[in-house]
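Q: I'll drop the sequence and a predicted model, then ask my questions.
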Amino acid sequence: NTRRIEYISIASQGNAVNFGDITTAIRYASCAANSTRALIAGGYTPTYMDRIEYVTIATLGDAKDFGDLTANGTATDKAGLSSPTRALFAGGQGSPSYVSQIDYVTIATLGDAADFGDLTAARRRASSASSGTRGLVAAGYNGSSNVDTIDYVTIASLGNAQDFGNVTQSRSSSKGQTCSTIRGVFGSGKMNPSVTNTIDYVTIASTGDANDFGDTNSVGFEQAGCSDSHGGIS
């Protein structure tokens with residue numbers, strides 16, 4: 001477990017630099033952001049955390065308390081989604097069951113999360129992407145098997161997720177994820193017992209099955225991804 005937050009300047013190359021620390025050393029937290037704030041939610045310590053913390057991206061410093069996840073939404077390995085206004089944290093593994101609930105907060109304010117709706121099925125270690133209008137939750141693990149389902153929600157509204165389509169392979173921990181306001185990209189993942197290097201993509205404004213984008217340089221899972229044109233930037 002770690003408290004450390006690091007940053008890079010996306011337009012340049014170079015090693016990461018220390019940004020600050022979160023309050024408690026954790027693992028399996030979830031993140032969402034707009035162009036001003038980044039939020040870190042949930043995690044495991046080894047107890048399930050309901051805490052949401054935030055940093056102001058343009059400055060350096062330790063994270064501060066934002067509020068708490070809902071009781072039904074407290075979990076690890078949630079999928080994080082965002083628009084310029086809202087952050088959503090979907091699914092995950094709670095104590096002891098897997099979670100289908102989606103929590104949301106208004107990023108510019110402080111306060112506890114509220115119930116947004118539910119995924120089509122409970123799962124953890126799903127991938128996510130958002131355009132600022134629509135959010136996607138893709139693949140994941142439901143407690144017995146990996147799944148290939150992609151769900152979508154309209155971030156500005158409330159309600160349950162709907163079926164978008166399917167990724168090319170049932171997998172979880174496909175965290176090499178990134179997006180623009182047009183496309184969502186999901187890379188690598190765990191397939192039980194194998195690990196894949198496949199990268200899928202979808203067009204966020206439409207619905208339909210994912211297509212092959214290419215491959216990562218090596219097979220892996222629980223990687224990380226980001227971009228400077230994600231759904232949280234207006």
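A: Thanks, I have it. Residues are numbered from 1 along each chain as shown.
Q: When you work out contacts or count neighbours from here on, use the C-alpha atoms and nothing else.
A: Noted.
Q: Return the list of strands paired to the helix or strand harbouring Thr23, each annotated with direction.
A: Under the criterion of DSSP states H and E, Thr23 resides in strand 17-26. When pairing is defined by DSSP bridges, strand 17-26 lines up against strand 2-7 (antiparallel).
Q: Name the residues of the strand it pairs with that come out as buried.
A: By 16 or more other Cα atoms under 10 Å, the buried positions in strand 2-7 come out as Arg4, Ile5.
Q: Show which residues not belonging to that strand make contact with it.
A: Outside strand 2-7, the residues within contact range by Cα atoms under 8 Å, 6 or more residues apart in numbering are Ala16, Val17, Asn18, Phe19, Gly20, Asp21, Ile22, Thr23, Thr24, Ala25, Ile26, Arg27.
Q: repeat that with 6 Å
A: Identification of contacts with strand 2-7 by Cα atoms under 6 Å, 6 or more residues apart in numbering yields Ala16, Val17, Asn18, Phe19, Gly20, Asp21, Ile22, Thr24, Ala25, Ile26.
Q: One more: stretch 130-141?
A: 81, 83, 123-129, 146-155, 171-172, 181, 231-232.
Q: Now, of those, which are buried?
A: So, by 16+ other Cα under 10 Å, the buried ones in those are 81, 83, 123-129, 146-155, 171-172, 181, 231-232.
Q: Counting neighbours, what do you get for the nearest residue to Thr154 once chain neighbours are set aside?
A: Computed as Cα to Cα, 6 or more residues apart in numbering, the closest residue to Thr154 that is not its neighbour in sequence is Arg134, at 4.6 Å. Counted with other Cα atoms under 10 Å, residues neighbouring Arg134 total 21.
Q: Check Gly20 too.
A: Look at Gly20: counted by other Cα under 10 Å, it has 17 neighbours.
Q: same deal with Ser12?
A: 7.
Q: Thr23 now?
A: 15.
Q: can you check the one 3 residues further on too?
A: Other residues lying near Ile26 total 20 when counted by other Cα under 10 Å.
Q: The helix or strand hosting Ala129 pairs with which strands, and in what direction?
A: Assigned by DSSP H and E, Ala129 belongs to strand 127-130. Looking at strand 127-130 with DSSP bridges, its partner strands are strand 134-141 (antiparallel).
Q: Buried residues in the partner strand, which are they?
A: Neighbour counts over strand 134-141 (16+ other Cα under 10 Å) mark Arg134, Gly135, Leu136, Val137, Ala138, Ala139, Gly140, Tyr141 as buried.
Q: Just name the shakiest helix or strand of this protein by mean pLDDT.
A: Lowest on mean pLDDT, DSSP states H and E among the helices and strands of the chain sits strand 176-179, with a mean of 74.
Q: just checking, next helix/strand downstream of that strand?
A: strand 183-190.
Q: what element comes up after that next one heading to the C-terminus?
A: The helix or strand immediately downstream of strand 183-190 is strand 195-203, counting by DSSP H and E.
Q: Contacts for that next one, please.
A: 182-189, 210-216, 219-220.
Q: please redo it, this time with the cut-off set to 8 Å
A: Contacts of strand 195-203 (Cα under 8 Å, 6+ apart): 167-168, 182-190, 208-221.
Q: From Val17, how far out is Ala29?
A: As judged by Cα to Cα, to the nearest Å, Ala29 and Val17 stand 20 Å apart.
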